[in-house]
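S.K.: This is a predicted model, with the sequence first.
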Amino acid sequence: MEGITRPIQKSPILLLPSDLTYDIFHISYDEHCSRDAFQTFYGEHRARDAGRAFRGTLSLVCIQWRELVLSMPVLWSNIRLRKNVQLEDVRQWVRTQLERASTSPLDILITDDAVPPPSPINMMRLNQLIFSVVQQWRSIRFSESVPHSALRVFFKELGTTSAPQLEKLVLSPTTSFGPSVEDNLKWPSQALSASVLPTMRSLSLSRCEVERDSTVFNNLVELKIHDARGLNIPPSEIAAFIRGILAQAPHLRRLFLQSMSTDSLFSDPSRPRPPPIQEILLHHNIRVLDTRVCNGVVVDALLHSVAMPSLEDFMPSSNYTILPHSFHALANINTLPNLRRVGFEGYITHPGLTPEECADLRVALQRMEKLETVVFHHLDLNSSGTWLKRLLEWESVLKEMTWISPLQQMGKKGAGILKTFYGRMFIA
């Protein structure tokens, strides 16, 4: 029987130089892995390993591509631990992937499937694998269901070493959060410090207590704390805590602090005026401030005590509105020239403004040079119609304006103003 020979492949893509093919594979791989990370963040950690599927598909095309895939460390640098590390073949596959990754920076995902009961013992097995390359870690992400017992083993080991390239650490939030701080994860304080994590830029914490004076905050660009109870401080001190972080982290651009209560998504129109502050803190880099705690009280306090000239948005995922007692701060302390959206609300007992509040609001709006969206809620601006109309006709970049208020409270004059402004902004 004569042998069967495969015809020589003459596809033009096989004629590409190896370095160009390398770049194509690299870019495509990054796109696949970023999509996989997006799914993992939202809890779909049992979805297929996009990086592994990508490598497998390329390897089946031809011998040349298979050899190139095996020789590209970057294609093996995303470690997705989704299978029980108690199994020897799983551990051997992890070793193989780490070997092929060579010295490339590593992005590691750890799911609960990798460390099933007994979780502490399996986490120790996993530590033996990944801590052998701790110098190469670039990001570590734990899925929402990894047990606390496993996390404690990981952070205990981390506190005894250093991860010099680790830029991102994520403990994904879970809806099954313990009812009290005592149920939260506790780790050695030295595990989260600038000496252990000198290049940390993005930190996302959940299900844990937070050391308020940790040096890990110093170089952060992004900080997310998914449950304010982990701060283990009374609500009245949360604003001072955030102010302390801003003072400690001059490079911070995004700060996210969430309460597990859905009530915190709505600001309380009867909340009191913030207490006076002796010294105003200036933070040049903060761009997004999302502190969904205490029904707007915390944000009020920050507007009165921290000048944030680069701030573009605060409370983007909530219905926070600014009360008249903060208009003076916006006009004189926090002018917010880069703010993109803002909401104003009148007091629950009376929607009208005093002459001083009206003047401060006018100045505040004029200084918000990049404002795109304004929302007025339960706020009577009938007496302010003239200056508000002139303000919007002035070289404003406003794209949208919403007026949420009963028509009878606005009166005919207010309704006429609304119609004029609404038409001007959407027709122009």
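M.R.: Sure, I can see it. None of the values given here were measured: they were computed from a predicted structure. Numbering: from 1, shown residues only.
S.K.: Let me see the ranges of the strands in the protein.
M.R.: 78-81, 106-110, 137-142, 168-171, 202-205, 222-225, 254-258, 281-282, 288-292, 306-307, 313-314, 341-345, 373-377, 400-404 (DSSP state E).
S.K.: mind listing what H328 touches?
M.R.: E356, E357, D360 (C-beta atoms under 8 Å, 6 or more residues apart in numbering). Every C-beta, even on glycine, is put in place using the N, C-alpha and C of the backbone.
S.K.: Can you report how many residues neighbour the first one?
M.R.: Applying other C-beta atoms under 10 Å, we find 12 other residues in the vicinity of E356.
S.K.: Against P234, how distant is it?
M.R.: 33 Å (C-beta to C-beta, to the nearest Å).
S.K.: and if you look at the second one?
M.R.: Distance check for E357 against P234: by C-beta to C-beta, it reads 30 Å.
S.K.: cool, and the last one?
M.R.: The gap separating D360 from P234 is 31 Å, by C-beta to C-beta.
S.K.: So for those two, which sits in the more crowded spot?
M.R.: Of the pair D360 and P234, D360 is the one with more neighbours under other C-beta under 10 Å, namely 20 against 7.
S.K.: low-scoring stretches of this protein, by residue?
M.R.: The chain contains residues with pLDDT under 70 at 1-14, 32-51, 174-190, 228-232, 259-267, 294, 316-318, 351, 380-428.
S.K.: most centrally placed residue in it?
M.R.: K224 (5.7 Å; C-alpha atoms, centre = their mean).
S.K.: what separates that one from R138, distance-wise?
M.R.: 18 Å.
S.K.: Could you list which of the contacts of H328 belong to helices?
M.R.: Using DSSP state H, the members of those that fall in helices are E356, E357, D360.
S.K.: For the second one, which residues are in contact?
M.R.: By C-beta under 8 Å, 6+ apart, the residues touching E357 are P324, F327, H328.
S.K.: So which of those residues is the closest to D19?
M.R.: Closest approach to D19 among these (C-beta to C-beta): F327, at 60.0 Å.
S.K.: Name the nearest residue to the closest one, ignoring sequence neighbours.
M.R.: Once flanking residues are discounted, F327 sits nearest to D360: 3.8 Å by C-beta to C-beta, 6 or more residues apart in numbering.
S.K.: ok, the one you found touching H325?
M.R.: No: between D360 and H325 there is no contact under C-beta atoms under 8 Å: 10.0 Å.
S.K.: wait, doesn't E222 sit right on R253?
M.R.: Yes: E222 lies in contact with R253 (C-beta under 8 Å); the separation is 6.6 Å.
S.K.: got the ones in helices among the contacts of H328 as JSON lines, with distance to V299 columns?
M.R.: Converted to JSON lines, the ones in helices among the contacts of H328 look like this (distance: C-beta to C-beta, whole Å):
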{"residue": "E356", "distance to V299": "22"}
{"residue": "E357", "distance to V299": "18"}
{"residue": "D360", "distance to V299": "18"}
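S.K.: Kindly indicate which of the residues you listed lies nearest K168.
M.R.: D360 (41.0 Å).
S.K.: Can you pull out the residues in contact with stretch 85-101?
M.R.: 70, 73-77, 79, 81, 83-84, 106, 114-116, 122, 125-126, 129-130, 132-133, 136.
S.K.: what about 6 Å?
M.R.: Contacts of stretch 85-101 with the rest of the structure, by C-beta atoms under 6 Å, 6 or more residues apart in numbering, involve P73, W76, S77, K83, A114, N122, R125, L126, L129, V133.
S.K.: Count the residues that sit near T103.
M.R.: For T103, the count of nearby residues is 10 (other C-beta under 10 Å).
S.K.: what's the closest non-adjacent residue to it?
M.R.: Per C-beta to C-beta, 6+ apart, closest to T103 is Q136, 6.5 Å.
S.K.: Distance-wise, check that neighbour relative to L98.
M.R.: Taking C-beta to C-beta as the measure, Q136 falls 9 Å from L98.
S.K.: ditto for V170
M.R.: 20 Å.
S.K.: thinking again about what came up before, which among the contacts of stretch 85-101 end up buried?
M.R.: W76, S77, K83, A114, N122, R125, L126, L129, V133 (16 or more other C-beta atoms under 10 Å).
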